[in-house]
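S.K.: this is a predicted model, with the sequence first.
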Amino acid sequence: MKAKITLLPGDGIGPEVIAAAQKILEKIGEQFGHEFKMDSQHIGGIAIDETGGALPNPTLESCKKADAVLLGAVGGPKWDDPNASVRPEQGLLGLRKELGLFANLRPVQPHPELMGASPLKESYLEGVDMLILRELTGGIYFGQPSEKRINENGEEEAFDTMIYSESEVRRIAKLAFEIAGERSKKVTSVDKANVLESSRLWRKTVAKLSEEYPEIELENLLVDAATMHLLSRPRDFDVMVTMNLFGDIITDESSMLTGSMGNMPSAALGEDLNSFGKPRGMYEPIHGSAPDIAGQGIANPIGMILSTGMMLRHSLGLSEEAEAIEKAVDATLNAGHRTGDIAREGEVALGTDEMCEKILMNLV
Ligand code: IPM
Ligand code: MN
């Protein structure tokens, strides 16, 4: 097959992990006889430096023409001035919105060999296999108005709006029920219905929809309790569905079940189809730009590489190739290779390129 992929390295460790994804794609292309035409574009802080905007037009155009998008990370201290008129994160949020990527799939699957790298006891982690489904184009991330102003006391104040419509809740919840039907038939919906009106609408809408899925068990959890249950009984969860802000927080928390944020991939999907009739998704590791280690060549490329696997599966329909990537990562971890974030005391920590080389070698 011939597929068009837009690469968005972005900031910090983004370019380092995108380089790993690119090598993996090249090797998959050779092995399976595919041609991946890659177009690299700026987003985030680097785009601000180059063009003044976080999501330049050529970037957006390239993504719209692509069959799928791979993104590294955006942001960093250089662009963190609270008074700045443009922020790197606007590039990423803008792209999610423009491409209509309302569903963010974040699988949490602790690798058996990495259980020692998690702060949680192994007995809690065995058998954990969940999918967190985060609503990605609504809620407080996009609600208007969102402003700062001077109040009547002459003091600065700021506010954001958390808003969900019934249809927005329904489409993400529908996906949750559909996916759960192919897994262990349980959906946990996370909200803050004891306090927030938007959460009460969320809960009511999910409950109504669940009547159409009698075979799927529905559990409702308040977000504060959910963060605790994620640590005390992670094995009980299968598909967890929640709104944009809570999903952002909960997925960072749950990444520690896998030992490190660096391990976790994600897929952002919408209704738009690409030239293969599959969703044109954007795929990115859940970690950020990690300015503390950027430029040192020590970032863990696994989250990015597994995101590339998700891209092959969901946007290009190449499940055999996706499995090959997952197996290569498995084999590399089974052989004891580690980057610094997942190495335990006494274990050698490989750099990004070395880790990628090991994975490439296991890609058969
Ligand atoms: C993520 C990130 C982004 C988010 C930031 C970089 C805007 O934390 O993808 O989880 O909050 O969605
Ligand atoms: Mn996040």
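M.R.: Nice, I can see it. Ligands and ions are numbered 1, 2, ... in the order given.
S.K.: please tell me how far residue 252 sits from residue 305.
M.R.: 20 Å (C-beta to C-beta, to the nearest Å). (C-beta placed from N, C-alpha, C; glycine too.)
S.K.: neighbour count winner among those two?
M.R.: Between residue 252 and residue 305, residue 305 has the larger neighbour count (other C-beta atoms under 10 Å), namely 28 against 15.
S.K.: quick one, grab the pLDDT at that one.
M.R.: Per-residue confidence (pLDDT) for residue 305: 98.
S.K.: which SS class is it?
M.R.: Judged by DSSP: H, G, I helix; E, B strand; the rest coil, the three-state class of residue 305 is helix.
S.K.: please name the nearest non-neighbouring residue to it.
M.R.: residue 24 (5.5 Å; C-beta to C-beta, 6 or more residues apart in numbering).
S.K.: skip the chain neighbours and tell me the closest residue to the residue of the stretch 151-300 of the chain found nearest ligand 1.
M.R.: When scored by C-beta to the nearest ligand atom, the stretch 151-300 of the chain has residue 248 as its residue closest to ligand 1, at 4.5 Å. Nearest residue to residue 248, sequence neighbours excluded (C-beta to C-beta, 6+ apart): residue 134, at 6.8 Å.
S.K.: does anything pack onto the helix or strand containing residue 204? Which helices or strands?
M.R.: According to DSSP states H and E, residue 204 maps onto helix 197-210. For helix 197-210, the contact count by 3 or more C-beta pairs under 8 Å, 6 or more residues apart in numbering; DSSP states H and E identifies helix 166-181, strand 186-191, strand 217-222 as packing neighbours.
S.K.: got a markdown table for those, with mean neighbour count and distance to residue 278 too?
M.R.: As requested, the helices and strands packed on helix 197-210 are exported to a markdown table (neighbours: other C-beta atoms under 10 Å; distance: least, C-beta to C-beta, whole Å):
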| stretch | mean neighbour count | distance to residue 278 |
| --- | --- | --- |
| helix 166-181 | 19 | 15 |
| strand 186-191 | 25 | 24 |
| strand 217-222 | 17 | 29 |
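S.K.: could I get these in a markdown table, plus columns for mean pLDDT and distance to residue 116?
M.R.: Compiled in a markdown table, the helices and strands packed on helix 197-210 are given as follows (pLDDT from 0 to 100; distance: least, C-beta to C-beta, whole Å):
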| stretch | mean pLDDT | distance to residue 116 |
| --- | --- | --- |
| helix 166-181 | 98 | 30 |
| strand 186-191 | 98 | 27 |
| strand 217-222 | 98 | 28 |
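S.K.: can I get the ones you listed in TSV including distance to residue 321?
M.R.: Shown next, in TSV, are the helices and strands packed on helix 197-210 (distance: least, C-beta to C-beta, whole Å):
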stretch	distance to residue 321
helix 166-181	21
strand 186-191	29
strand 217-222	34
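S.K.: hang on, the earlier thing: just the CA atoms of whatever helix or strand the residue nearest to residue 305 lives in, as PDB, please.
M.R.: Per DSSP H and E, residue 24 falls inside helix 14-32. Backbone C-alpha positions of helix 14-32 (Å, rounded to 0.1, in the frame of the first residue of the first chain) are rendered in PDB as follows:
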ATOM      1  CA  GLY A  14       9.200  15.100  20.300                       C
ATOM      2  CA  PRO A  15      11.800  15.100  17.400                       C
ATOM      3  CA  GLU A  16      13.800  12.400  19.200                       C
ATOM      4  CA  VAL A  17      10.900  10.000  19.500                       C
ATOM      5  CA  ILE A  18       9.500  10.800  16.000                       C
ATOM      6  CA  ALA A  19      12.900   9.800  14.600                       C
ATOM      7  CA  ALA A  20      12.300   6.400  16.100                       C
ATOM      8  CA  ALA A  21       8.800   6.100  14.700                       C
ATOM      9  CA  GLN A  22      10.200   7.000  11.300                       C
ATOM     10  CA  LYS A  23      12.800   4.300  11.400                       C
ATOM     11  CA  ILE A  24      10.200   1.700  12.500                       C
ATOM     12  CA  LEU A  25       7.900   2.800   9.600                       C
ATOM     13  CA  GLU A  26      10.700   2.500   7.100                       C
ATOM     14  CA  LYS A  27      11.500  -1.000   8.200                       C
ATOM     15  CA  ILE A  28       7.800  -2.100   8.200                       C
ATOM     16  CA  GLY A  29       7.600  -0.600   4.700                       C
ATOM     17  CA  GLU A  30      10.600  -2.700   3.500                       C
ATOM     18  CA  GLN A  31       9.400  -5.900   5.200                       C
ATOM     19  CA  PHE A  32       5.800  -5.700   4.100                       C
END
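S.K.: against residue 254, how distant is the residue nearest the centre of the chain?
M.R.: Closest to where the C-alpha atoms of the chain average out (C-alpha atoms, centre = their mean) is residue 266, at 3.2 Å. With distances taken as C-beta to C-beta, residue 266 is found 12 Å from residue 254.
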